[in-house]
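Asks: what shape does this take:
(one chain, ligands or ions: 1)
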Amino acid sequence: MKIILFDLEETLIEDWNVPTLLCEQFPKIKEWIAKEGEFQSGIFSWAIWDQKDLTSFNKELRGRIEESHNIHFNDNLIFLRDDILKSFREWFHMPFMDSDDFMAFFKKRQAIEELWLRHFNQPDTELVFLDDTVPNMVCVISDVKNNILRLVNSKDIR
Ligand SMILES: [Mg+2]
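Replies: Below you'll find the model as predicted:
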């Protein structure tokens with residue numbers, strides 16, 4: 001199974017407060033998505049904090065992104081930042097970590113790696129993360145068969 005998680009700000013859209021599609025990268029990203037073949041789509045973005053943000057995303061932005069990029073987001077693969085924060089409190093035994101601490105301690109790359117190891121740790125799973133801050137790299141878990149994490153920097157797509 002292949003899953004692609006998309007970042008939003010500076011990857012698919014300009015900014016949460018200026019939710020227009022990111023024009024400069026748009027054709028390249030669309031082409032990249034088409035080349036990836038069959039996959040399930042999700043979102044891993046610090047822009048969607050909670051259920052309220054998700055509701056406004058679903059109402060205002062989701063359809064536009066899905067249509068323009070020819071993808072369909074799976075509701076089970078849209079991660080809220082507050083849920084990630086809750087998981088990190090548990091995983092790292094930091095029950096009092098607030099949202100500012102979380103943002104200061106954990107960069108996107110570490111966050112996606114933890115999510116991969118703890119949530120997508122199954123055989124024959126390729127998790128791809130398209131984001132404007134991650135390095136281009138492939139991570140492999142040696143004891144899980146065919147499980148890889150591929151990080152793709154959206155700014156490097158040509
Ligand atoms: Mg971003």
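Asks: for this protein, what lies in contact range of the ion?
Replies: Contact residues (CB under 5 Å from the ion) of the chain with the ion: Asp7, Glu9, Glu10, Asp132. Where you see a C-beta, it was placed from the backbone N, CA and C, and this is true even at glycine.
Asks: rerun that using 8 Å as the cut-off
Replies: Residues of the chain lying near the ion by CB under 8 Å from the ion: 7-11, 45-47, 108, 131-133, 154.
Asks: what helix or strand is the residue sitting furthest away from the middle of the chain located in?
Replies: Centroid-distance maximum for the chain: Phe96 at 24.9 Å, with CA atoms, centre = their mean. Per DSSP states H and E, Phe96 falls between elements, in no helix or strand.
Asks: and what of the one 5 residues further on?
Replies: In this structure, Asp101 is located in helix 99-105 according to DSSP H and E.
Asks: list the buried ones in that helix?
Replies: Neighbour counts over helix 99-105 (16 or more other CB atoms under 10 Å) mark Phe102 as buried.
Asks: touching the helix or strand following it from outside, list them.
Replies: Later in the chain than helix 99-105, the nearest helix or strand by DSSP H and E is helix 108-119. Applying CB atoms under 8 Å, 6 or more residues apart in numbering, the contact partners of helix 108-119 are 5, 7, 44, 46, 79, 84, 87-88, 91, 106, 127, 129, 131, 133-135, 139, 141, 149, 151.
Asks: mind listing what's buried in helix 108-119?
Replies: Buried residues in helix 108-119, defined by neighbour count with 16+ other CB under 10 Å: Lys108, Arg109, Ala111, Ile112, Glu113, Glu114, Leu115, Trp116.
Asks: could you give the mean pLDDT of that helix?
Replies: Mean per-residue pLDDT for helix 108-119: 94.
Asks: repeat that for stretch 138-147.
Replies: 89.
Asks: now, which of the contacts of helix 108-119 lie within strands?
Replies: Among the contacts of helix 108-119, DSSP state E puts Leu5, Phe44, Phe79, Leu127, Phe129, Asp131, Cys139, Leu149, Leu151 in strands.
Asks: list buried residues within the residues you listed.
Replies: Among the ones in strands among the contacts of helix 108-119, those that count as buried by neighbour count (16+ other CB under 10 Å) are Leu5, Phe44, Phe79, Leu127, Phe129, Asp131, Leu149, Leu151.
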